[in-house]
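> Quick one, fold the following:
(4 chains)
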2 protein chains.
Amino acid sequence: MSGAKLLLVEDDPALSELLVYRFQNEGYDIRATPDGDDALILASEDTPDLVVLDWMIEGTSGIEVCRRLRRDKTTAHVPIIMLTAREAEDDRIRGLETGADDYLTKPFSPRELLARVAAVMRRVRPALAGEMIAVGDIALDPAAHKVTRLGQELQVGPTEYRLLQYLMESPGRVFSRGQLLDNVWGTSSEIELRTVDVHIRRLRKAIAVEGAADPIRTVRSAGYSLEAV
Amino acid sequence: MSGAKLLLVEDDPALSELLVYRFQNEGYDIRATPDGDDALILASEDTPDLVVLDWMIEGTSGIEVCRRLRRDKTTAHVPIIMLTAREAEDDRIRGLETGADDYLTKPFSPRELLARVAAVMRRVRPALAGEMIAVGDIALDPAAHKVTRLGQELQVGPTEYRLLQYLMESPGRVFSRGQLLDNVWGTSSEIELRTVDVHIRRLRKAIAVEGAADPIRTVRSAGYSLEAV
DNA sequence: CGTGAATGCGACACTATTGTGACAGCGTTT
DNA sequence: AAACGCTGTCACAATAGTGTCGCATTCACG
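Numbers count the residues shown, from 1 in each chain, chains lettered A, B, ... in the order given. Predicted coordinates for the structure are as follows:
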């Protein structure tokens, strides 16, 4: 499991099924539901990396789903791509107003949607889109699952790798231990906060190379951040 | 029988015959049928690598064939090139919506279609385009169905061959066990993930030669990749 | 300077993941 | 019918990774 988590909200069974196959084939971890209320529950249970949202759906309407996703803290920043009917200009505008990141008018080809999703993912979570990310002298290649520093390949364990990737996605930003546990370890983590310290230490050791400073900054009583060196 | 397997669904006998001749000449393993239902049966019996599908055909319509191909797990990912009448814009759009990968409007020259097919094949499965691929000191010849390392011919079983070919198509890239099952074994596989490990081991043993390192990298909790040695 | 809280660090038991040899089922060939 | 090659699973061995603990060290603040 390497791809980004998608949530598809689409009430046309044929289209939904088709898209699920296509996205799975591209390596995405996609779940689908035809129902707006259900979508909100799914999104809150396991925050997706991106939501594809049909405008016309059963239950809570697309625009309402969009609005509520934005209201909830855990999903407020999740990118949303809206699917709208062809001539519904008003809908499109209102959709973007409500906070959608992109839209696609029906009919569209699966490939078009794939391209849009990939584009948004590249912008928001480059590493999940398979894009190489670099911070200072450290480079991370998600496709090859490799980390290099100053051209030197580093040996990084699974958890340290995920931790590093997460830190690299927002360089300079300070994350609390709780945030790191939620985003790197996963939702249902009943893990000691201090465990984060240990993995930070292991990560520091793993990315240490001759003649390069420690890029991980400890912010006392706040958390850690990765600085460009 | 070396080239990629094509399935042509075309009810104009003259055109069909011409295309079959041309594609066979190019080394493709092509079968043709004028009937939509027949096409579905042929496709399920022996999954083709690509389908060329006329929009207007007898029996089940083109769009329906397209949709059903996508619905069936074993054929869901097979690229489809649609042949449409010149002015049928709506058809084209609906075709793409239904999951076709590319289209060609009649009339077209056989050469055009050959180019499209080759382009799609190169994108999807480079080795199936009949091109020799080499990674490090390993060379795989799809035409001759042979694998050599350091000039030495290797004895590789069928599954190991497909596995190696797939890994060689994206050297350095890490694939999860699930991805490998989907792409090497086929989408309908209800097979244990650990089975991949066993075949990786068999492949490792098969491609081991004196004085050469193991090119297969195990990425713990992620999958495997083939590195250029 | 003290002092308490926060963080760094090494060790350790435990768990999860992967490597490996063996085996039985199956279809094909001899 | 026997022999063979290939396949998918299994059980077990070998590793690698994980979470906690206890203690050392550092830091902010009076």
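> tell me how far the ends of stretch A:178-186 are from each other?
Stretch A:178-186 has an end-to-end distance of 11 Å (CA to CA, to the nearest Å).
> Show me which residues of it are buried.
By neighbour count on 16 or more other CB atoms under 10 Å in any protein chain shown, the buried set for stretch A:178-186 is A:Leu180, A:Leu181, A:Asp182, A:Asn183, A:Val184, A:Trp185. Where C-beta positions appear, they are placed from N, C-alpha and C, glycine not excepted.
> Chain B next: which of those residues are close?
Contacts with chain B are made by none of the buried residues of stretch A:178-186, judged by CB under 8 Å from any CB of the partner chain.
> Can you tell me which residues in chain A are near DNA strand C?
Residues of chain A lying near DNA strand C by CB under 7 Å from any atom of the strand: A:Arg194, A:Asp197, A:Val198, A:Ile200, A:Arg201, A:Arg204, A:Thr218, A:Val219, A:Arg220, A:Ser221, A:Ala222, A:Gly223.
> Widest-spaced pair of the residues you listed?
With CB to CB as the measure, no two of the residues of chain A next to DNA strand C lie farther apart than A:Arg204 and A:Ser221, at 19.1 Å.
> The two: which has the busier surroundings?
Comparing A:Arg204 with A:Ser221 by other CB atoms under 10 Å in any protein chain shown, the one with more neighbours is A:Arg204, at 15 against 6.
> element containing that one, please.
Using DSSP states H and E, A:Arg204 sits in helix A:194-206.
> Of all the residues in chain A, which one is nearest DNA strand C?
Across chain A, the shortest distance to DNA strand C (CB to the nearest atom of the strand) belongs to A:Thr218, at 3.7 Å.
> what's the closest non-adjacent residue to that residue?
Closest residue in space to A:Thr218, ignoring its immediate chain neighbours: A:Tyr224 at 6.0 Å, by CB to CB, 6 or more residues apart in numbering or on different chains.
> Let me know the secondary structure of that neighbour.
Following DSSP: H, G, I helix; E, B strand; the rest coil, A:Tyr224 is assigned to strand.
> and if you look at A:Leu140?
What three-state DSSP gives for A:Leu140 is strand.
> That one: what's it in contact with?
Counting by CB atoms under 8 Å, 6 or more residues apart in numbering or on different chains, A:Leu140 touches A:Ala127, A:Met132, A:Ile133, A:Ala134, A:Lys146, A:Val147, A:Leu164, A:Gln165, A:Met168.
> at 7 Å instead, please
Neighbouring residues of A:Leu140 by CB atoms under 7 Å, 6 or more residues apart in numbering or on different chains: A:Ala127, A:Met132, A:Ile133, A:Val147, A:Leu164, A:Gln165, A:Met168.
> May I ask which two of these are separated the most?
Applying CB to CB across the contacts of A:Leu140, the maximum distance is between A:Met132 and A:Leu164, 13.4 Å.
> Neighbour count: the two, which is higher?
Neighbours per residue (other CB under 10 Å) separate A:Met132 from A:Leu164, with A:Leu164 holding more: 26 against 14.
> hang on, the earlier thing: could you single out the nearest of the residues of chain A next to DNA strand C to chain B?
Nearest to chain B out of the residues of chain A next to DNA strand C is A:Val198 (CB to the nearest CB; 18.0 Å).
> mind listing the strands for chain A?
Ranges of strands within chain A are A:5-9, A:29-33, A:50-54, A:80-84, A:102-105, A:133-135, A:138-141, A:146-149, A:152-154, A:216-219, A:223-226, based on DSSP state E.
> Sheet-wise, list the partners of the third one with their directions.
The sheet places strand A:50-54 alongside strand A:5-9 (parallel), strand A:80-84 (parallel), with pairing taken from DSSP bridges.
> got a markdown table for those strands, with mean pLDDT, mean neighbour count and distance to A:Asp46 too?
What follows is the strands paired with strand A:50-54, written out as a markdown table (pLDDT from 0 to 100; neighbours: other CB atoms under 10 Å in any protein chain shown; distance: least, CB to CB, whole Å):
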| stretch | mean pLDDT | mean neighbour count | distance to A:Asp46 |
| --- | --- | --- | --- |
| strand A:5-9 | 93 | 24 | 7 |
| strand A:80-84 | 87 | 24 | 16 |
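> can you tell me which of these comes nearest to A:Lys106?
With CB to CB as the measure, strand A:80-84 is the member of those nearest A:Lys106 (6.2 Å).
> how much space between A:Pro158 and A:Phe23?
Here the criterion is CB to CB, to the nearest Å. By it, A:Pro158 lies 25 Å from A:Phe23.
> These two: which has the busier surroundings?
Higher neighbour count among A:Pro158 and A:Phe23: A:Phe23, with 22 against 12, using other CB under 10 Å.
> Neighbours of the residue lying closest to the more buried one once chain neighbours are set aside, how many?
Once flanking residues are discounted, A:Phe23 sits nearest to A:Ile30: 4.4 Å by CB to CB, 6+ apart. Residues within reach of A:Ile30, counting by other CB under 10 Å, total 22.
> Can you verify my assumption that A:Ile30 contacts A:Val9?
No. Counting by CB atoms under 7 Å, A:Ile30 stays clear of A:Val9, with 11.4 Å between them.
> for stretch A:178-198, what is the average pLDDT?
Per-residue pLDDT over stretch A:178-198 has a mean of 90.
> helices and strands of chain A: which one bottoms out on pLDDT?
In chain A, the helix or strand scored least confidently by mean pLDDT, DSSP states H and E is helix A:89-98, which has a mean of 59.
> mind listing what the residue positioned nearest the centre of chain A touches?
When CA atoms, centre = their mean is applied to chain A, the residue found nearest the centroid is A:Asp49 (3.4 Å). Counting by CB under 7 Å, 6+ apart, A:Asp49 makes contact with A:Ala4, A:Lys5, A:Leu6, A:Arg125, A:Leu128.
> Next: A:Tyr28.
So A:Tyr28 contacts A:Gly3, A:Ala4, A:Leu6 (CB under 7 Å, 6+ apart).
> hmm, back to that, okay, who's weakest in the contacts of A:Leu140 by pLDDT?
In terms of pLDDT, the lowest of the contacts of A:Leu140 is A:Ala127, showing 82.
> The closest residue to that residue other than its chain neighbours: how many residues sit nearby?
Nearest residue to A:Ala127 in three dimensions, chain neighbours excluded: A:Pro142, at 4.7 Å (CB to CB, 6+ apart). By other CB under 10 Å, the residues close to A:Pro142 number 21.
> give me the number of residues near A:Leu42?
18.
> er, A:Gly62 actually
Neighbour count of A:Gly62, defined by other CB under 10 Å: 25.
> thought it was touching A:Leu40?
No. At 11.8 Å, A:Gly62 does not count as touching A:Leu40 under the criterion of CB under 7 Å.
> For stretch A:27-37, measure first residue to last.
Stretch A:27-37 has an end-to-end distance of 26 Å (CA to CA).
> and chain A, which residues reach DNA strand D?
Within chain A, the positions adjacent to DNA strand D are A:157-160, A:185, A:190-192, A:194-195, A:198-199, A:220 by CB under 7 Å from any atom of the strand.
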